[in-house]
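*Asks:* build me a structure from this.
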Amino acid sequence: MAGEGNIGVKKLLSEIYLIPNLISLFRLLLFIPFLILFNLMNSDFTYRYYILALIALAFISDLLDGFIARKTNQISELGKIIDPVADKTLMAIIVMNLFLMEIIPAYYFWIVIMRDVLIFLGGIALSKKIGKVLPSNRLGKITVFSIGLFIILSLAMDNRDSFIYEAVMNISLILCFASLIGYVIRALELLKWKKNETV
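*Replies:* Next up, the predicted model:
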């Protein structure tokens, strides 16, 4: 029957109080101070240092929730959803503001946003189809790290014509395409496995 693959809402809600998921929720809520600080940065560029500190906090929380989930065996379906949602939400807010402030190129903003939108929509469709969330793999995590590094350089460096800046930007763009292709391949393999299982 249609909808049999959907992840149960009650099951997801029952997982919300797991420590890793609470940490992910905390990270998601960081979008509020990010918006405030970027607004202040429009009139005072020194607020970029507070933004960098907030990025460090978000990064630490991302490492922490994954570590706790693995060590305490609290890996959950909700965690597989909320962790990447928190990452993508903060990433979108940061790159959007950097784009609006003309700190990063427009094409970089659109490539990062479109990648995340496609993966997000694909994840929803996949969870409805097979009842599972496709978690981020190593390539996806490396991609997010490279984008994060580029964001940090964009905020920290005054000279954006340097070789390091250009290299990190180009590598992160290549990884965006590679990780998107990898996600599609993994999704198709999972759908094929599900189809063979039901035969």
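*Asks:* secondary structure class for Ile16?
*Replies:* Classification of Ile16 using DSSP: H, G, I helix; E, B strand; the rest coil returns coil.
*Asks:* now do the same contact list for it.
*Replies:* Residues counted as contacts of Ile16 (Cβ atoms under 8 Å, 6 or more residues apart in numbering) are Leu22, Leu25, Leu78. Quick note: C-beta positions are derived from backbone N, CA and C, even for glycine.
*Asks:* surely the last one touches Pro20?
*Replies:* In this case it means Leu78. No. In this structure Leu78 lies outside contact range of Pro20 using Cβ atoms under 8 Å: 9.4 Å.
*Asks:* so which of those two has more stuff around it?
*Replies:* More crowded of Leu78 and Pro20, by other Cβ atoms under 10 Å: Pro20, with 24 against 20.
*Asks:* so what touches the strand or helix carrying that one?
*Replies:* In this assignment (DSSP states H and E), Pro20 forms part of helix 19-29. Contact with helix 19-29 is made by 15-16, 58, 61-62, 64-66, 68-69, 72, 74-76, 78-79, 82-83, 85-87, 89-90, as judged by Cβ under 8 Å, 6+ apart.
*Asks:* likewise for stretch 89-99?
*Replies:* Residues from elsewhere that reach stretch 89-99 (Cβ under 8 Å, 6+ apart): 27-28, 30-31, 34-35, 38, 41, 51, 55, 58, 104-106, 108-109, 112-113, 116, 144, 147-148, 151, 154-155.
*Asks:* check stretch 132-146 too.
*Replies:* Contact with stretch 132-146 is made by 5, 7, 77, 80-81, 83-84, 87, 91, 122-123, 126-127, 168, 171-172, 175-176, 178-179, 182-183, 186-187, 190, as judged by Cβ under 8 Å, 6+ apart.
*Asks:* same check, this time on stretch 115-127
*Replies:* With Cβ under 8 Å, 6+ apart, stretch 115-127 has contacts from 5-7, 81, 84-85, 88, 91-92, 132-134, 176-177, 179-180, 183-184, 187, 190-191.
*Asks:* if any of those are buried, put those into a PyMOL selection.
*Replies:* A single PyMOL command selects the buried members of these (16 or more other Cβ atoms under 10 Å):
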select buried, resi 7+81+84+85+88+91+92+133+134+176+179+180+183+187
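*Asks:* among the contacts of stretch 115-127, which are in helices?
*Replies:* Here DSSP state H is the test, and these give 81, 84-85, 88, 91-92, 176-177, 179-180, 183-184, 187, 190-191 as lying in helices.
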